[in-house]
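Model the structure of this input:
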Amino acid sequence: MSLMRSYRARSRAGLPRALRAVAVALVVVAFGASAAAANAAWNVNIVRQAGSPGGTIPANTHYYTTIQAAVNASYKSDYVLIEPGIYEEAVKVTPEHSGIWIRGRNRNTVIIDGQNKPGNGIEIYKANNVWVENLTVRNFDTGSCDCGNEIWWNGGGGSKKIGATGWFGSYLTAYDTGLHGSYGIFTDNEENGSFENIYASGFNDSGLYIGACRECDALVTNATMENNSLGYSGSNSSGKLTIENSVFNHNLTGIAPNSENPGDGPPPLDGACNSRFNTSNTPTFASTNIRRCEFIRNNRVEENNNLSVPTNGSTEVAPWGVGIELPGDYAVQVEKNTIKNNPNNGVLGFEYPNPFPPTTPEEEIAKGYGTIFFQLSGNKISENKFSGNGYWPVGGGGSPYTGDLSLISGYAELFGGPPSTSVNNCASANSFADATFPANIEGVWGCQHSTTPLPGNGLPAAEYLLTLQGESKFIKEHVLPPQGQPVPPEQPTMPNFCEGIPANPDCPSGGAVALSAGTTTCNGTYYGSGSEVSVPAGDVCTLDWGTKVSGNVQVQQGGTLNDEGAVISGNLQVNNGASIQVEGGGSIGGNLQVQGLTGGPNSLCNTTVTGNVEVHNNSSHSPVQIGGCVDEPGLTVGGNLQVQNNAANVTVGRNAIKGNLQVQNNTSVVTVNENTAGGNIQVKNNTGGAGGSLAENGAGGSCELQNDSPTIAGSENKAGSGKINTCNRSA
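Residues are numbered from 1 along each chain as shown. Below you'll find the predicted structure:
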């Protein structure tokens, strides 16, 4: 996804989105054709505590006095638009209301208030593709219910299964001023989503949580988490997940993605790009040179030293005073962060027996589960800037394990576990100001080595962890009891709350225009249904998610198309256009042809194409991403995918192709990774720059890599049984 796109493109369709291809299919199936037809106008359901203002009200606009009533009346593509006020209600979105937007007019003055009573603020229960934007939820607390969550995308907590796809939160504030708020902004048992411009404070578990997803496809950006027990927690959140450009400060611990058993399974937390194929609770990695897809990068992680925050039974005994904690994690990349003034550790990675103390055989039988001795393996810590960490206790005399970066292992067997396998972690190009463990960590444990040994240090290391746990609990019980945290300051509100909404009394000009019944000459943002779409030279056309075109879409010379999830029954043809982005999870009933592009960025992702896909003859100014986009799947192609004679870099990744995949005669860098083809895969006669790769692809037929110059490196590619496979070499 290009960050150059508009806010609406990012928030409504350009984000984590295996949403929309699934949404368009699943929602229509769930509701039937009549429900889909009834909502073709895209209703705007306005929540106004005083009720309807009277006068002439457009046919697509309806007024409600509660948020829940407006949600109950909303279906796919409808908006719930909330006017300023304090709403003392809990809101629940159920599966039949998949595909809706809930948006406040102002982030700071639209407030859903739980009054410090048990409940959940907004719960999206097993509903696909629900957006919540531009509002505040506060003071919903724990109790006898499964509650205490301010905004919760719930795919089925505790089920160990993915129950929903597509979640998005933007310009959200969640806070609790008492002691019993559990999670601020929370998703579990779901895949494909994003949080952007969010804030949370005052929670006794974590401000932000993403968990129970073997292939999360998640993005967090521009988040601020402060005054929580944990800023971020992510139990068994694996695969493609990025936390970036965010702030974690004044928490008890800043960022803590972790393996866990038995909660929020399946374990472990495995950030490798091929984690979806992992069936082991304790995977192993043969090298430091692995492909990682879980990133913690470009964040500020500072002063996580707040001993006054509320805690619960789990967080009160967690190691405290740590910027980034890696408990039993696999293949996580921590890079380019500023990590400073955390009292115990900047980064602390360790083996994690869970539950602890380890269960006995009798307990395992009684409970149905036992301790898993999660290791620490395959992680990479690089290009971070450390300063001022490891100063506890004040005045000196701290442990040899405090400091900027500590990786510790070798104690599982002391508690009845197996010998340690915490190998092939590495560190490189960090700026250290304080101690590391092991000392000189970028020497023996540097990423320049293909393998690295156990970091060690057995019993003393275990005692260090137990000391951190005991300190936190002792201080809470005897020195500084937990306190409610302050009301946060106002946060930036959505720049234009009318963005993308059909015209209505609150947004008279609207943000989108309906397609005409015939041919639409497209220059702007369009929704609804039409026959044909033409994008003239120099114009920029955006087809919003759910837009239906019964014929073809044609982009003429110099035109630009942003397809954010349209359902196109015919072909999509781009001939000498300026740029194209097809990323919204829609579908194309015919062929997708892209040729002669003159600019960019260009991406083709998360779309089902019934016919063939051809990407040909694009200029040196027009790199093309075919699948492999950030936080979303690739194309699903019913025919063949052919990529040839392109002059700029081409990436082909995570596509599912029924026929053949051919990548040939391109004159720049070619990257072909993680695709499946029912037929043959051919990568040959490419003459681009160095650095191309062919990795982790699977063919039903043959797989051939040949005659590329410079050579392309092939690895871990599979061909059909008995078929030719020359893809695992350099050629």
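
need the helices for the stretch 301-450 of the chain, in chain order.
361-367, 441-444 (DSSP state H, counting those that start in this stretch).

Any regions of the stretch 301-450 of the chain where pLDDT drops low?
Low-confidence segments of the stretch 301-450 of the chain (pLDDT under 70): 394-397.

ok, which stretches of it are strands?
Residue ranges of the strands in the stretch 301-450 of the chain, as given by DSSP state E, counting those that start in this stretch, are 322-327, 332-335, 338-340, 345-350, 352-354, 372-374, 380-382, 385-387, 403-408, 426-428, 436-437.

Out of the helices of the stretch 301-450 of the chain, flag the one nearest Asp176.
Across the helices of the stretch 301-450 of the chain, the minimum distance to Asp176, taken as Cβ to Cβ, is reached by helix 361-367, at 31.3 Å. For the C-beta atoms, the positions are set from N, CA and C on the backbone; glycine is no exception.

What is that closest one packed up against?
For helix 361-367, there is no helix or strand it packs on, judged by 3 or more Cβ pairs under 8 Å, 6 or more residues apart in numbering; DSSP states H and E.

Report the backbone C-alpha coordinates of that helix in CSV.
This file holds the C-alpha atoms of helix 361-367, laid out as CSV (Å, rounded to 0.1, in the frame of the first residue of the first chain):
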residue,chain,number,x,y,z
PRO,A,361,2.0,-34.6,34.9
GLU,A,362,-1.0,-34.8,37.2
GLU,A,363,-1.9,-31.1,36.5
GLU,A,364,-1.6,-31.7,32.8
ILE,A,365,-4.1,-34.5,32.9
ALA,A,366,-6.5,-32.4,35.1
LYS,A,367,-6.2,-29.2,33.1
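
Just to check, Gln448 is in contact with Ser428?
Yes - in this structure, Gln448 is within contact of Ser428 by Cβ atoms under 8 Å, at 6.9 Å.

what about those two, which has more around it?
Ser428 (17 against 10; other Cβ atoms under 10 Å).

Give me the number of neighbouring residues for the residue lying closest to the more buried one once chain neighbours are set aside.
Residue nearest to Ser428 in three dimensions, not counting chain neighbours: Cys447, with 3.8 Å by Cβ to Cβ, 6 or more residues apart in numbering. Cys447 is flanked by 17 other residues according to other Cβ under 10 Å.

Next up, the contacts around Cys447.
Thr288, Lys380, Ser382, Cys426, Ala427, Ser428 (Cβ atoms under 8 Å, 6 or more residues apart in numbering).

Out of those residues, flag the one nearest to Pro418.
Thr288 (21.9 Å).

which residues touch the closest one?
Gly378, Lys380, Asn424, Asn425, Cys426, Cys447, His449, Ser450, Thr451, Thr452.

try it again with 6 Å
By Cβ atoms under 6 Å, 6 or more residues apart in numbering, the contact set of Thr288 is Asn424, Cys426, Cys447, Thr452.

Apart from its neighbours in sequence, what residue is nearest it?
Once flanking residues are discounted, Thr288 sits nearest to Cys426: 4.4 Å by Cβ to Cβ, 6+ apart.

so the one you found bridges to which residues?
Lys380 (DSSP bridges).

Check the one 5 residues further on too.
With DSSP bridges applied, the residues forming beta bridges to Ser431 are Lys385.

And for the one 5 residues further on?
Partner residues in beta bridges with Thr436, using DSSP bridges, are Leu405.

Pretty sure it sits against Leu405.
Yes - judged on Cβ atoms under 6 Å, Thr436 makes contact with Leu405 at a distance of 4.7 Å.

higher neighbour count, the two?
For the pair Thr436 and Leu405, the greater number of neighbours falls to Leu405 (29 against 24), based on other Cβ under 10 Å.

OK, contacts around that one?
Gly346, Val347, Thr436.

Please tell me how far it sits from Gly390.
Using Cβ to Cβ, to the nearest Å, we find Leu405 at a distance of 10 Å from Gly390.

Equivalent analysis for Gly639, please.
Relative to Gly390, and taking Cβ to Cβ, Gly639 is found at 58 Å.

Neighbour count for those two, which is higher?
Gly390 (25 against 19).

quick one, what contacts the residue most central in space within the chain?
Among the residues of the chain, the one closest to the centroid is Ala218, at 0.8 Å (Cα atoms, centre = their mean). For Ala218, the contact set (Cβ under 6 Å, 6+ apart) comprises Gly193, Ile210, Leu241.

Kindly report the same for Ser159.
Contact analysis of Ser159 by Cβ under 6 Å, 6+ apart lists Asn189.

Endpoint to endpoint, stretch 486-493 covers what distance?
End-to-end distance for stretch 486-493, by Cα to Cα, to the nearest Å: 20 Å.

Then stretch 553-567?
11 Å.

got it, and stretch 208-225?
Stretch 208-225 has an end-to-end distance of 7 Å (criterion: Cα to Cα).

and what of stretch 118-126?
21 Å.

Report the distance from it to the chain centre.
Counting by Cα atoms, centre = their mean, to the nearest Å, stretch 118-126 is centred 20 Å from the centre of its parent chain.

For the stretch 51-200 of the chain, which segments count as strands?
Counting by DSSP E, counting those that start in this stretch, one finds strands in the stretch 51-200 of the chain at the ranges 61-64, 79-82, 85-87, 91-93, 101-104, 110-118, 122-125, 130-141, 149-154, 164-175, 183-188, 190-201.

what bits of the chain have low per-residue confidence?
Applying pLDDT under 70 to the chain flags residues 1-41, 394-397, 511, 631.

care to break it down by domain?
41-202, 203-483, 513-658 (automatic domain parsing).

possible to save these as a markdown table with distance to Asn697?
Shown next, in a markdown table, are those (distance: least, Cβ to Cβ, whole Å):
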| stretch | distance to Asn697 |
| --- | --- |
| domain 41-202 | 22 |
| domain 203-483 | 12 |
| domain 513-658 | 9 |
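
Which among the ones you listed is found nearest to Val672?
So among these, domain 513-658 is nearest, using Cβ to Cβ, at 4.6 Å.

And that closest one, end to end?
36 Å.

now stretch 381-400
End-to-end distance of stretch 381-400 (Cα to Cα): 20 Å.

what's the answer for stretch 75-87, then?
Stretch 75-87 has an end-to-end distance of 22 Å (criterion: Cα to Cα).

How about stretch 552-567?
Span of stretch 552-567 from end to end, Cα to Cα: 11 Å.

Likewise for stretch 156-168?
End to end - Cα to Cα - stretch 156-168 spans 17 Å.

So what does Leu468 look like in phi/psi?
Phi and psi for Leu468, reported as degrees, to the nearest 10, are phi -60, psi -40.

number of nearby residues for it?
By other Cβ under 10 Å, the residues close to Leu468 number 26.

tell me the contacts of the closest residue to Ala256 other than its chain neighbours?
Leaving aside its sequence neighbours, Ala256 sits nearest to Glu325 (Cβ to Cβ, 6+ apart; 4.3 Å). Residues near Glu325 by Cβ under 6 Å, 6+ apart: Thr253, Ala256, Leu348.

Val93 too?
Listed by Cβ under 6 Å, 6+ apart, the contact set of Val93 reads Val71, Ile124, Ala127, Val130.

do the same with Ile46
Contacts of Ile46 by Cβ under 6 Å, 6+ apart are Tyr63, Leu81.

Give the burial count for the nearest residue to Asn72 once chain neighbours are set aside, as a bare number.
Residue nearest to Asn72 in three dimensions, not counting chain neighbours: His97, with 7.5 Å by Cβ to Cβ, 6+ apart. Counted by other Cβ under 10 Å, the residues lying close to His97 total 24.

Could you measure from His97 over to Gly114?
His97 sits at a distance of 21 Å from Gly114 (criterion: Cβ to Cβ).

now do Gly349
Remark: distance between Gly349 and Gly114 (Cβ to Cβ) = 36 Å.
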